[in-house]
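Colleague: one predicted model, sequence on top.
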Amino acid sequence: MPFKCRPDCVECCGLIPFKQEEFEKHRDKAERIEDVVYEKGYVGAITTDGFCTFVDLEKKKCKIYEDRPDKCRAFGVVPALPCKYIDENGEPSSRQRRRRVERQYAKNLDKFKKIREVVV
């Protein structure tokens with residue numbers, strides 16, 4: 001069964017680096033930006049809340065969904081980027097799996113914060 005996101009879910013929509021051209025193409029839709037870091041053709045848009053700058057939090061929708069980056073398309077499909085709510089078979093995740101995925105994301109966030117400290 002192919003992976004299908006839950007409606008109105010923005011759990012995986014965190015801080016990701018965008019290719020500079022992707023970011024600039026949609027910059028008019030960006031919100032809640034606290035800082036922007038440009039590095040080697042990539043842009044890190046640091047938001048006030050830790051969510052992606054292109055997420056409409058009120059509507060819980062991606063503003064650039066149809067043209068979202070490949071990284072975003074990979075969530076739930078690539079084993080290194082699992083969805084905590086839907087497993088690889090398209091079934092609802094167990095509580096144990098959700099906790100495991102949350103721990104993995106926490107580790108990734110810690111790594112991102114360390115990288116940000118070095119870059120900024």
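Modeller: Ah, there it is. Everything numeric in this text was worked out from a predicted model, so none of it was measured. Numbering: from 1, shown residues only.
Colleague: now do the SS call for Gly90.
Modeller: Here Gly90 takes the coil state, with states given by DSSP: H, G, I helix; E, B strand; the rest coil.
Colleague: correction: Lys114
Modeller: Strictly by three-state DSSP, Lys114 counts as helix.
Colleague: tally of neighbours for it?
Modeller: Applying other CB atoms under 10 Å, we find 10 other residues in the vicinity of Lys114. Bear in mind the C-beta positions are built from the backbone N, C-alpha and C, glycine included.
Colleague: quick one: it from Pro79, how far?
Modeller: Lys114 sits 23 Å away from Pro79, going by CB to CB, to the nearest Å.
Colleague: low pLDDT regions in this protein?
Modeller: 1-3, 112-113, 115-120 (pLDDT under 70).
Colleague: where do the strands sit along it?
Modeller: Per DSSP state E, the chain carries strands over the ranges 17-19, 33-39, 42-47, 55-56, 61-62.
Colleague: just put the ones you listed in JSON lines and tack on mean neighbour count and distance to Val10.
Modeller: Putting those into JSON lines (neighbours: other CB atoms under 10 Å; distance: least, CB to CB, whole Å) gives the following:
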{"stretch": "strand 17-19", "mean neighbour count": "19", "distance to Val10": "17"}
{"stretch": "strand 33-39", "mean neighbour count": "12", "distance to Val10": "17"}
{"stretch": "strand 42-47", "mean neighbour count": "18", "distance to Val10": "12"}
{"stretch": "strand 55-56", "mean neighbour count": "18", "distance to Val10": "5"}
{"stretch": "strand 61-62", "mean neighbour count": "16", "distance to Val10": "7"}
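Colleague: can I get these in TSV with distance to Arg97?
Modeller: Shown next, in TSV, are the strands of the chain (distance: least, CB to CB, whole Å):
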stretch	distance to Arg97
strand 17-19	27
strand 33-39	32
strand 42-47	28
strand 55-56	24
strand 61-62	24
